[in-house]
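*Asks:* Give me a model of this one.
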Amino acid sequence: MNLLLIHQNFPAQFRHIAAHFAADPAHRVVAIGEAANLKRAMGSGQLHPRIELQAYATPQSSGKETHRYLQGYEAAVQRGLVSSAIASQLKASGFLPDIVLAHPGWGEALFLREVFPEAKIVLHAEYYYHAAGADVGFDPEFLPPVDDPFRVRIKNTTQWMSMENADLLIAPTQWQKSRFPDLLQSRIQVAHEGIDTRQVAPDVSARISLVKAGIALSAADEIVTYVARNLEPYRGFHVFMRALPSLLKLRPKARVLIVGGDHVSYGSKPADGRTWRRVLVDEIGRHVDTSRVHFLGRIPYADYLRLLQISTVHAYLTYPFVLSWSLLEAMAVGCMVVGSRTAPVEEVIRHGENGWLTDFFDHEALAEKLAQAIEQRDQLKPIRAAARKSVVESFDLHSRCLPRQVGLLQGLVG
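*Replies:* Okay, here's the model as predicted:
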């Protein structure tokens, strides 16, 4: 089978499915992605050597005269054009994909049907935006402009135009599927990308060293962990930071380990030009012992797993939005997770059974629950075990998620 994968940040959600097909010489796997991201992926060793890479340059930004609703749309059209140009070159060279698997969020899938009319087109249905009832307008501290419903409608246009030509849509969770219009629901199957629970597993011997602080930590210490790609309100960073003064008073020996970058993945940057980390440190700094709060930035994956393995309690907060892999990885490692009572966290965590839930906005309640989890760490071992069991049973890469994805794709081509 010939498989064409398209994602500006490849491999992203396609990492495992790409490696699966590339490992079999009976298949040919070609991937299109943004040049800078492909270079970074190659440097990290994430890519199977039999995947043939086709890179494109980052599209130029829109001019100042372009309406702000249309700036993202213009970039999407540019990505669609350059992706279709590469696809046309592949076609001219004799490569005809049986299946094209793409992410529709950035426009790369806009013109695929015109290039490959006979191929089966499968799109990753990650998230469909709504002006109310989900992430937009969820946090009263950061209310959107009054015309934001108009912007959201235009933002969805790229996905909608791509999806009308798709043969199959795949969503990671039931809640994320439910965000899409009723007209698309019959074409959406739920299949998560999967967690490799053989690798992401408990390890009682795990240790980490904080070189700058000159200390070594293990599971015997009181460790509170928080992880996000970037430290920002969408993932509850502001709520977590505001919980720290009370938490560190309640647990004088606890240390807080925070993983994440200072850019913005979702939402907006602070208006004054600072990072969200700087904003929150400035807000609470005089109320906490900063020597016990460690910002680790972005760290290698192996170090990240060790951090989860020594965690006493892990905080996961999010607006009603895309579910992070980090939540499932924390549960697979056997973390005691305190999560926000928001979708789609509630789809995964059952309060009191495989974790605890708390109100997203109540930072004092979060502090109390984190402190309680440390105090009751021995009594909570069954919940930690149940957290891992739930991920193994529902999200394991090898026994569940990858076979389902492979089955869906092969089912399209017989």
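*Asks:* Show the contacting residues for the residue nearest the centre of the chain.
*Replies:* Centroid-nearest residue in the chain, with CA atoms, centre = their mean: Ser324, separated by 4.0 Å. Contact analysis of Ser324 by CB atoms under 8 Å, 6 or more residues apart in numbering lists 228-229, 235, 316, 318. To be clear about C-beta, it is placed using only N, CA and C from the backbone, and glycine gets the same treatment.
*Asks:* And the strands in the stretch 151-300 of the chain, which stretches?
*Replies:* According to DSSP state E, counting those that start in this stretch, the stretch 151-300 of the chain carries its strands in the segments 168-171, 188-190, 207-210, 215-218, 223-230, 255-261, 293-297.
*Asks:* I figured Ala18 hits Ile32, correct?
*Replies:* No: contact between Ala18 and Ile32 fails when scored by CB atoms under 8 Å: they sit 11.8 Å apart.
*Asks:* any chance you could map the helices in the stretch 201-350 of the chain?
*Replies:* 237-250, 276-284, 301-310, 325-333, 345-348 (DSSP state H, counting those that start in this stretch).
*Asks:* pLDDT score assigned to the residue nearest to the centre of the chain?
*Replies:* Predicted confidence (pLDDT) for Ser324: 98.
*Asks:* Gln8 against Gly33, yeah?
*Replies:* Yes: Gln8 is within contact range of Gly33, at 6.0 Å (criterion: CB under 8 Å).
*Asks:* now the protein, which segments are flagged as low pLDDT?
*Replies:* Along the chain, the model assigns pLDDT under 70 to no residue.
*Asks:* element containing Leu412?
*Replies:* In the assignment (DSSP states H and E), Leu412 maps to helix 402-413.
*Asks:* For that helix, which helices and strands make contact with it?
*Replies:* helix 15-22, strand 99-102, strand 120-124, strand 168-171 (3 or more CB pairs under 8 Å, 6 or more residues apart in numbering; DSSP states H and E).
*Asks:* what's next to that helix, contact-wise?
*Replies:* 1, 3, 16-17, 20, 98-99, 101, 120, 122, 167-168, 170, 189, 191, 193-194.
*Asks:* Just the buried residues out of these, in PyMOL syntax.
*Replies:* Per 16 or more other CB atoms under 10 Å, the buried members of those correspond to this PyMOL selection:
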select buried, resi 3+16+17+20+98+99+101+120+122+168+170+189+191+193+194
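*Asks:* For Ser61, give me its contacts.
*Replies:* Ser61 neighbours (CB under 8 Å, 6+ apart): 71, 75.
*Asks:* Specify the local secondary structure of it.
*Replies:* At Ser61 the chain is in coil, as set by DSSP: H, G, I helix; E, B strand; the rest coil.
*Asks:* ok, so what distance separates it from Glu141?
*Replies:* Applying CB to CB, to the nearest Å, one obtains 29 Å for the distance of Ser61 from Glu141.
*Asks:* before we move on, the earlier item: what residues do Ala18 and Ile32 have in common as contacts?
*Replies:* Shared contacts of Ala18 and Ile32, defined by CB under 8 Å, 6+ apart, are found at 5, 10.
*Asks:* just to revisit the earlier point, in CSV: the helices and strands packed on helix 402-413, plus distance to Arg242.
*Replies:* Formatted as CSV, these follow (distance: least, CB to CB, whole Å):
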stretch, distance to Arg242
helix 15-22, 35
strand 99-102, 40
strand 120-124, 34
strand 168-171, 33
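*Asks:* From Val288, how far off is Ala76?
*Replies:* 42 Å.
*Asks:* hang on, I meant Thr173
*Replies:* Relative to Val288, Thr173 is positioned 35 Å away (criterion: CB to CB).
*Asks:* swap in Val239?
*Replies:* Using CB to CB, one obtains 15 Å as the distance from Val239 to Val288.
*Asks:* Those two: which is more packed in?
*Replies:* Val239 (23 against 18; other CB atoms under 10 Å).
*Asks:* pretty sure that one contacts Glu364?
*Replies:* No: using CB under 8 Å, Val239 makes no contact with Glu364, being 10.2 Å away.
*Asks:* Now for the two: what residues contact both?
*Replies:* Both Val239 and Glu364 lack any common contact, where contact means CB under 8 Å, 6+ apart.
*Asks:* what's near enough to touch Glu108?
*Replies:* 6-8, 32, 79-80, 83, 102.
*Asks:* go again using 6 Å as the cut-off
*Replies:* Contact partners of Glu108, counting by CB atoms under 6 Å, 6 or more residues apart in numbering, are 6, 79, 83, 102.
*Asks:* what about the longest helix in the protein?
*Replies:* For the chain, the longest helix by residue count, based on DSSP state H, is helix 68-92.
*Asks:* Can you list the buried residues in that one?
*Replies:* Under 16+ other CB under 10 Å, the buried positions of helix 68-92 are 72-84, 86-87, 90-91.
*Asks:* same thing with stretch 284-295?
*Replies:* In stretch 284-295, the ones that count as buried by 16+ other CB under 10 Å are 284, 288, 292-294.
*Asks:* Kindly report the same for stretch 367-386.
*Replies:* For stretch 367-386, a neighbour-count test (16+ other CB under 10 Å) marks 367-374, 380, 383-384, 386 as buried.
*Asks:* tell me the two of those that are most distant?
*Replies:* Taking CB to CB as the measure, these span a maximum distance of 23.9 Å, between Ala367 and Ala386.
*Asks:* first vs last residue of stretch 139-150, how far apart are they?
*Replies:* Stretch 139-150 has an end-to-end distance of 19 Å (CA to CA, to the nearest Å).
*Asks:* how near is the closest residue to Gln185 other than its chain neighbours to Leu323?
*Replies:* Spatial nearest neighbour of Gln185, chain neighbours left out: Lys177 (7.3 Å); criterion: CB to CB, 6 or more residues apart in numbering. Lys177 sits 12 Å away from Leu323, going by CB to CB.
*Asks:* again with Gln185
*Replies:* Plainly put, Gln185 is 19 Å away from Leu323 if you go by CB to CB.
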